[in-house]
Structure formats: structure tokens, C-alpha cells
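J.: What follows is a protein structure lacking sequence information:
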């Protein structure tokens with residue numbers, strides 16, 4: 001499934017790069033395999049030769065995926081990267097999942113709690129609400145069929161800026177899917193220097 005879906009994103013022929021080197025370089029800029037999962041999980045996404053023939057791009061997609069473990073469902077392969085299909089909003093609870101993943105990515109930078117939402121696509125009524133400490137937030141969001149309102153990441157970046165966070169969300173658009181990284185500004189530039197995907201702080 002993944003090989004067929006992502007093949008079209010390989011647009012520039014690159015030299016083969018050993019997977020171990022790719023993981024080392026990504027680790028230097030803050031992107032690594034979650035220590036609580038088996039690192040071999042990435043080979044359920046792509047084969048090793050595909051990682052090496054498509055340097056950095058295939059491994060970033062794999063690191064952004066989630067795996068099922070014996071004690072958890074949907075555990076991220078990397079704690080700082082998320083691969084997301086933006087055609088993912090159908091009903092109440094979908095933005096709770098999205099914002100919950102945002103909270104996981106930011107770790108201590110945004111301590112989100114009391115996350116709840118309302119999704120009524122037919123009547124164009126969508127919102128998500130949450131707390132940060134004692135402060136309550138409620139955001140009205142765009143209702144466009146089952147598409148995610150991607151501007152939600154810009155709004156979270158504003159909150160991060162207000163809290164003087166040195167990290168923000170950077171996004172690379174891959175057709176209807178996106179890669180979301182939570183990194184320092186200089187790390188985003190280093191990531192763009194490595195791969196064909198262009199990450200931009202939103």
C-alpha cells in the first residue's frame with residue numbers, strides 16, 4: 001500500500017544513501033525512532049532498499065507513521081514527526097484525535113487538557129476546544145467536506161510563540177497528505193537541506 005502511494009513523491013534521482021547514515025543525520029537534527037518501539041517497525045512501511053534508493057524521503061514518511069504494539073494502538077514511530085492524511089474529518093471526536101496528537105508532539109511546550117470538539121459537516125459547524133492551564137480556548141474551524149482545516153497548525157504556532165517556545169510546527173505538503181515536524185527553526189533548515197520535501201513553518 002505505502003510503496004504505491006508514495007512512489008510519485010520521488011521526483012529527483014539521488015545517490016543511494018545507507019539507511020544507517022540517514023537515521024544518524026536525522027537524529028542529529030532531532031528526528032529519531034521512538035525508543036519505546038521496535039526499530040524494525042519501519043520495514044513494515046518500506047523495504048531497506050527503498051529507503052536507500054530514495055534518501056531521507058521514504059524514511060521521513062515511515063517515521064511519521066504509527067504502529068500497533070502489544071500494549072498500545074497507534075504509537076508514533078517518531079515523537080517529533082507525523083504523517084497525516086488530511087482527508088480525515090468526518091464526525092465529532094476527529095479533532096480531539098488531531099489535537100491530542102499535537103499535544104504529544106509538543107510534549108511539555110503546550111500542556112493541553114480538556115480537549116473536546118464538535119463536527120457537523122452538513123451544517124458547516126466545526127469547532128475544537130481545550131485548556132492550557134486555567135485558560136480556555138475554543139476555535140471555530142473550516143468545514144470543507146472531510147478535509148482537515150490545516151490552519152489549525154498555524155494557530156498552535158501562535159500559541160507556541162506566545163509561550164516563547166523555540167520549537168514550532170513545520171509542514172511539508174505531499175498531495176492530500178502532509179508531514180508535520182515539531183522542530184527548532186535551524187533544524188527545519190537542516191531537514192530541508194537533506195531531503196526533497198520542503199518543510200515550512202506555518
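T.: Cool, got the structure. Keep in mind that what you see is a predicted model, and the values were worked out from it rather than measured.

J.: Next up, the contacts around residue 83.
T.: Residue 83 makes contact with 61, 63, 64, 65, 177, 178, 179, 180 under the criterion CB atoms under 8 Å, 6 or more residues apart in numbering. All C-beta spots, glycine's among them, are computed from the backbone N, C-alpha and C.

J.: Which SSE is immediately downstream of the lowest-mean-pLDDT helix or strand in the chain?
T.: Using mean pLDDT, DSSP states H and E, helix 2-6 stands out as the lowest-scoring helix or strand of the chain, at a mean of 40. Next helix or strand after helix 2-6 toward the C-terminus (DSSP states H and E): helix 19-28.

J.: Mind listing what's buried along that next one?
T.: 19, 22, 23, 25, 26 (16 or more other CB atoms under 10 Å).

J.: so what does it touch, helix or strand wise?
T.: Here helix 19-28 touches helix 48-53, helix 57-63, helix 185-194, going by 3 or more CB pairs under 8 Å, 6 or more residues apart in numbering; DSSP states H and E.

J.: Give me the pLDDT for the residue of the chain positioned farthest from its centre.
T.: Distance from the centre of the chain peaks at residue 123, with 28.6 Å (CA atoms, centre = their mean). Residue 123 is assigned 95 on the pLDDT scale.

J.: ok, now the one 5 residues further on?
T.: For residue 128, the pLDDT comes out at 98.

J.: which ones are touching it?
T.: Applying CB under 8 Å, 6+ apart, we find residue 128 in contact with 95, 96, 98, 99, 115, 116, 117, 138, 139, 141, 152.

J.: Same question for residue 152.
T.: Residue 152 is in contact with 95, 98, 99, 102, 128, 139, 141, counting by CB under 8 Å, 6+ apart.

J.: Max pairwise distance over these: which two?
T.: Using CB to CB, the pair of the contacts of residue 152 lying farthest apart is 102 and 141, separated by 13.3 Å.

J.: list the contacts for the residue lying closest to residue 81 once chain neighbours are set aside?
T.: Once flanking residues are discounted, residue 81 sits nearest to residue 64: 4.5 Å by CB to CB, 6 or more residues apart in numbering. By CB under 8 Å, 6+ apart, residue 64 lies in contact with 76, 77, 78, 81, 82, 83, 84, 179, 180.

J.: Could you find the residue nearest the spatial middle of this protein?
T.: residue 82 (2.1 Å).

J.: Next one: residue 103 from residue 184, what distance?
T.: Remark: distance between residue 103 and residue 184 (CB to CB, to the nearest Å) = 19 Å.
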